[in-house]
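Asks: structure for this input, please:
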Amino acid sequence: MTALNYMNRALIVAIGIFCMKNALGYTNAAEAAADLALRDGAVYKMDGARTWAEAVAIRAGRIVFVGSNHELGAYIGPSTRVVDLKGRMLMPAFQDSHIHPISAGLEARACDLNGLKTADEYVAAIKKYAIAHPGDGWITGGGWLMSAFGPGGMPHRELIDAVVPDRPVYLSSADGHTIWANTKALSLAHITNETRDPADGRIDRDPKTGAAIGSLQEGAGDLVSAVVPPATDAQREEGLRYSIKLLNAYGITAIQDAAVYENDLKAYKSLDARGELSLRVVASIWWEHRRGLEQIGNIKRLRKEYTAGRIDARTVKIMQDGVMENYTAVLLKPYLKPGKVYGIPMVDPQRLKEIVTRLDAEGFQVHFHAIGDGAVRQALDSIAAARRQNGDLGHRHHIAHLELIDPADISRFRELGVIANFQPLWAFADEYITKLTIPFLGPERSSRLYPIGSLYRSGAVVAFGSDWSVSSPNPLEEIQVAVTRMGPAGETITPFLPAERINLPEALAAFTINAAYTNRLEKQTGSIEVGKFADLVLLDRNLFAIPPTEISKTLALVTLFEGRTVHGDLGAL
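Replies: Okay, here's the model as predicted:
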């Protein structure tokens, strides 16, 4: 660089610094000094151009500088803490667009079956928990895999009865769509041979006697949950504390809780008031599908009462179908099984249009659960109806899961401004896909599962979430699957539908700036830019410098929330 060019560059930098200081109200160098200066890093800014920097300065929780090590000097004062990142990768903290932290925290502290894989392992764990907790009136928890019990995911009550015959047991499947109960629990719920299936669920029965076998699909599980003692406020708060700590450790600082009730909102509000909520929370208020528009008044009350601080309660969650594995996800053509089964639509499609149009007009974002191509179309049709009636109000409606989408509906996401909210950890050929899905869809439909790449190429906004506790909350595992379409721990070594892979920048965007857009936070977080909150994560390796199959091995060394360390130790670098 010539001396003249260097002088010109220095002058431009000086003018920029002067202008920023004045804009922020600083009158002297001491006031302009940062609280924290991070230098010598590989800073992936996640700005529009996906550019890199070396250094970041933070003051009062916000980013005041992003640029080179040389330019950083202007922000260092006597009280500035300067940390050398030693070349490590710094990026915006992750955001999860679909997660269940309170229920996951409660489950982790109950009879937790996550991580186990066989019926024998589940029974042993249930027995061990019952012995260790003799005073529990009910044994609750979950995390069991439907794949351990074959097509339909139908475990038998007698397996639990053999180890816990005298106390009621209520255990949800890992995906939350099936309940496994013992005979005592069924008895307390008054489920007999004569009990009818609810409209939104199925009581699995012995084909000879008609007796309930202990597995309850979708809304049938509510028959038992209605008699299970609810968690206390203290238990909810403790479960939430557990989850906050875990999520911060994965570099996550913002979430969209995919199903909240007022007790959950109280827990968030309580922790926020005590300064314990190191997450930005979009709370998706649960839509009771058995009720009608009369519930909107109470939903509006919850929005007004709980939208404050770090909590945003301006979203409503509508579950439109179930899951493929128990044949309750809604399909356009029937499952390949006897009876022409199409799945269970939780809300009548015509009624859904009315509901979404009204919620849209009332200023709510709608967050859909839709797994089958039929449910996806019903959700899109309801948003289209709202657009025709209300115009584009910009509420950023989004559809989560999206296991199967009809090709004719791919382009509608961009046309309607609907965000495609995928859970990418599911997009490899595990046993749920190979044993419980592909045989009942056939080859043509199975060739279109989890079309993440197709949605990206269509121009739609794609955001990611984990659906924890259904699956791991670690975004780096999920990013690896999105990029490779293989199991994150080497479960598979052949990409599943490789045309649906996406590249690393796209996958990172889905967990940062695109998720921030979904959460209505993109002006505050989601990228490393001046003026935004310093919600950042420092990784132990550069994701762009390693094979994609090693992404899941990456660790979040330090997580900053508004410039404050909520995980790790900058001093230990």
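
Asks: quick one: contacts for the residue lying closest to L416 once chain neighbours are set aside?
Replies: Counting by C-beta to C-beta, 6 or more residues apart in numbering, L416 lies nearest to I383, which is 5.3 Å off, once chain neighbours are set aside. All C-beta spots, glycine's among them, are computed from the backbone N, C-alpha and C. Shown in contact with I383 (C-beta atoms under 8 Å, 6 or more residues apart in numbering): 356, 360, 366, 397, 416, 418.

Asks: next up, phi/psi of I383, please.
Replies: Backbone geometry at I383, expressed as degrees, to the nearest 10, gives phi -70, psi -40.

Asks: ok, now how distant is it from D360?
Replies: As for I383, its distance to D360 is 8 Å (criterion: C-beta to C-beta, to the nearest Å).

Asks: what of V56?
Replies: Note on V56: its distance to D360, by C-beta to C-beta, is 38 Å.

Asks: between those two, which one's more packed in?
Replies: Counted by other C-beta atoms under 10 Å, V56 and D360 do not tie: V56 has more neighbours, with 29 against 24.

Asks: L404 bridge partners, please.
Replies: Under DSSP bridges, the beta-bridge partners of L404 are L449.

Asks: correct me, but it touches G442?
Replies: No: at 11.5 Å, L404 does not count as touching G442 under the criterion of C-beta atoms under 8 Å.

Asks: more neighbours: which of these two?
Replies: Ranked by neighbour count (other C-beta under 10 Å), L404 and G442 place L404 first, with 25 against 12.

Asks: so how far is stretch 247-257 off the chain centroid?
Replies: The chain centre lies 9 Å from the centre of stretch 247-257; the measure is C-alpha atoms, centre = their mean, to the nearest Å.

Asks: sorry, that was for stretch 302-310
Replies: Remark: stretch 302-310 is offset 21 Å from the chain centroid, using C-alpha atoms, centre = their mean.

Asks: okay, how far is it across that stretch, tip to tip?
Replies: Criterion C-alpha to C-alpha, to the nearest Å; first-to-last residue distance in stretch 302-310 is 15 Å.

Asks: in it, which residues are buried?
Replies: 302-303, 306, 310 (16 or more other C-beta atoms under 10 Å).

Asks: looking at the residues you listed, spot the one nearest W468.
Replies: Taking C-beta to C-beta as the measure, W468 lies nearest R310 of the buried residues of stretch 302-310, at 19.2 Å.

Asks: check contacts around the residue nearest the centre of the chain.
Replies: Nearest to the geometric centre of the chain sits H98, at 2.6 Å (C-alpha atoms, centre = their mean). With contact taken as C-beta under 8 Å, 6+ apart, H98 is in contact with 256, 258, 367, 400-401, 421, 423, 465-467.

Asks: could you do G374 as well?
Replies: With contacts defined as C-beta under 8 Å, 6+ apart, the neighbours of G374 are 321, 330-332, 342-343, 345.

Asks: let me know the closest of the residues you listed to P488.
Replies: Checking the contacts of G374 against P488 with C-beta to C-beta, the nearest one is D321 at 26.5 Å.

Asks: which one of the contacts of G374 has the most neighbours?
Replies: If you count neighbours using other C-beta under 10 Å, the busiest of those is D321, which has 29 neighbours.

Asks: next one: that one from E218, what distance?
Replies: To E218, D321 is 9 Å away according to C-beta to C-beta.

Asks: and what of R274?
Replies: Counting by C-beta to C-beta, the gap from R274 to E218 is 37 Å.

Asks: higher neighbour count, those two?
Replies: More crowded of R274 and E218, by other C-beta under 10 Å: E218, with 25 against 9.

Asks: how about the contacts made by the closest residue in space to that one that isn't next to it in sequence?
Replies: Setting aside the residues directly before and after it, E218 is nearest to G201 in space (C-beta to C-beta, 6+ apart), at 3.9 Å. G201 makes contact with 216-222, 328, 344 under the criterion C-beta under 8 Å, 6+ apart.
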